[in-house]
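**Student:** The sequence and its predicted three-dimensional model are supplied below.
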Amino acid sequence: MKKTLVSTLAGAVLLGAAATASAHFQMIYTPDSALNKGGSIPLKLVFTHPFDAGHTMDMGQPEQFFVVRSRGENEPQRTDLLDTLTPIDWQSLTNSGKAFETSYQARGGDHIFCLVPAPYFEAEEDSYIQQSTKVIVNVGGEPGAWSEPVGLPVEIVPLAKPYDRWTGNVFQGRVLFNGKPVPYAEIEIEYLNHEPLLEKNAFAEKGQVAAPQDAFVLQTIFADENGVFTYGIPRAGWWGFAALGLDPDYSYEGKECSRDAVIWIQARDMK
């Protein structure tokens, strides 16, 4: 058993290393995840390389985009937001890619935004990528169902509030496939290094940090036997976590499709 596990992890490491140069992250971006009061918030849906503001991929029409709002012990309410999306062009440092935007009237409690994008064809690998993505926004500090699954086929369920992390805290999540934990899931992690300029639909040219070597751009960790992963947060800002290839039998239009689960969290400095 131990030998099998070591072999599995070694193979996953090699796959992760091969994927590093072309790793993609689906984003649902809004400036703040912890709001003191409600109001209209902007949401940008962009498929890109967040650390270096690199190549931005063209998004197709998403399959699903919805929000689950929960407040206290009230039953969570799901609202479809797909028809609210407007196409935009998002400018990275290297190109412009097709993306989407909307706004949402946030009120008290938790708001779990969920996106199932159209599969993206990666020509270099002759296969597709589909990253089901979540971001959770809280209003007023009111408790909600942030730790509950929303029922996506692949998803990361937070085990720590994703909107109350101080720099230096840890974040924990559980990787699920069809509601069941995925043992030893591979997790890629990237920092949103270039500020999104919402009025320009573009990344800021200057990044906040410089990576000393390419391995620091895209970090890789593994979940444990219960599908749980832990990450210490070294810097304030937005962090993306992507659990890769959770449905090995999934295909799209006759080609392999990597079904990934993504969650974004925001950390803040103590001041």
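**Tutor:** Here it is on my side, so go on.
**Student:** now the helices: where do they sit in the protein?
**Tutor:** 2-20 (DSSP state H).
**Student:** Least confident secondary structure element in it?
**Tutor:** In the chain, the helix or strand scored least confidently by mean pLDDT, DSSP states H and E is helix 2-20, which has a mean of 41.
**Student:** Contact partners for Trp146?
**Tutor:** 70, 110, 112, 136, 138, 158, 161-163 (Cβ atoms under 8 Å, 6 or more residues apart in numbering). Every residue, glycine included, has its C-beta placed from N, CA and C.
**Student:** Next, work out how far apart it and Glu225 are.
**Tutor:** Going from Trp146 to Glu225 by Cβ to Cβ, to the nearest Å gives 24 Å.
**Student:** What of Val46?
**Tutor:** In terms of Cβ to Cβ, Val46 sits 34 Å off from Glu225.
**Student:** what residue ranges in the stretch 151-271 of the chain score low on pLDDT?
**Tutor:** Residue ranges of the stretch 151-271 of the chain with pLDDT under 70: none are present.
**Student:** ok, which stretches of it are strands?
**Tutor:** 154-158, 165-166, 170-177, 180-181, 186-191, 196-197, 202-203, 219-222, 228-232, 237-243, 251-252, 255-268 (DSSP state E, counting those that start in this stretch).
**Student:** Generate TSV for the ones you listed, with mean neighbour count and distance to Ser103 as supplementary columns.
**Tutor:** Shown next, in TSV, are the strands of the stretch 151-271 of the chain (neighbours: other Cβ atoms under 10 Å; distance: least, Cβ to Cβ, whole Å):
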stretch	mean neighbour count	distance to Ser103
strand 154-158	25	24
strand 165-166	16	25
strand 170-177	20	27
strand 180-181	12	35
strand 186-191	21	26
strand 196-197	17	15
strand 202-203	22	18
strand 219-222	16	32
strand 228-232	16	30
strand 237-243	23	19
strand 251-252	15	31
strand 255-268	22	18
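**Student:** Tell me which of those strands approaches Ala53 most closely.
**Tutor:** Minimum separation from Ala53 across the strands of the stretch 151-271 of the chain (Cβ to Cβ) falls at strand 202-203, 3.8 Å.
**Student:** which residues are in contact with that closest one?
**Tutor:** Residues contacting strand 202-203 (Cβ under 8 Å, 6+ apart): 53, 90-93, 194-197.
**Student:** please redo it, this time with the cut-off set to 7 Å
**Tutor:** 53, 90-93, 194, 196-197 (Cβ atoms under 7 Å, 6 or more residues apart in numbering).
**Student:** again with stretch 55-62
**Tutor:** Outside stretch 55-62, the residues touching it (Cβ under 7 Å, 6+ apart) are 24, 45-49, 82, 85, 90, 92, 94-100, 115-118, 120.
**Student:** redo that, cut-off 6 Å
**Tutor:** Stretch 55-62 has contacts (Cβ atoms under 6 Å, 6 or more residues apart in numbering) with 47-48, 90, 92, 94-95, 97-99, 115, 117-118, 120.
**Student:** before we move on, what about stretch 158-165?
**Tutor:** 33-34, 136, 138, 146, 171-174, 233, 265, 267.
**Student:** can you check stretch 207-226 too?
**Tutor:** 16, 20, 23, 51, 175, 181, 183-190, 193-194, 229.
**Student:** Span of that stretch from start to end?
**Tutor:** 36 Å (Cα to Cα, to the nearest Å).
**Student:** Can you give me the distance of Gly245 to Met57?
**Tutor:** 18 Å.
**Student:** Report how many residues lie close to the spatially closest residue to Thr86 that is not a sequence neighbour.
**Tutor:** Once flanking residues are discounted, Thr86 sits nearest to Glu101: 5.5 Å by Cβ to Cβ, 6 or more residues apart in numbering. Burial measure for Glu101: 18 neighbouring residues, criterion other Cβ atoms under 10 Å.
**Student:** Just grab the bridge partners of Glu101 for me.
**Tutor:** Glu101 has these beta-bridge partners by DSSP bridges: Lys44, Thr86.
**Student:** need the contact list for it.
**Tutor:** By Cβ under 6 Å, 6+ apart, the contact set of Glu101 is 44, 86, 88.
**Student:** just Met27 next, same as before
**Tutor:** Val46 are the contacts of Met27 under Cβ under 6 Å, 6+ apart.
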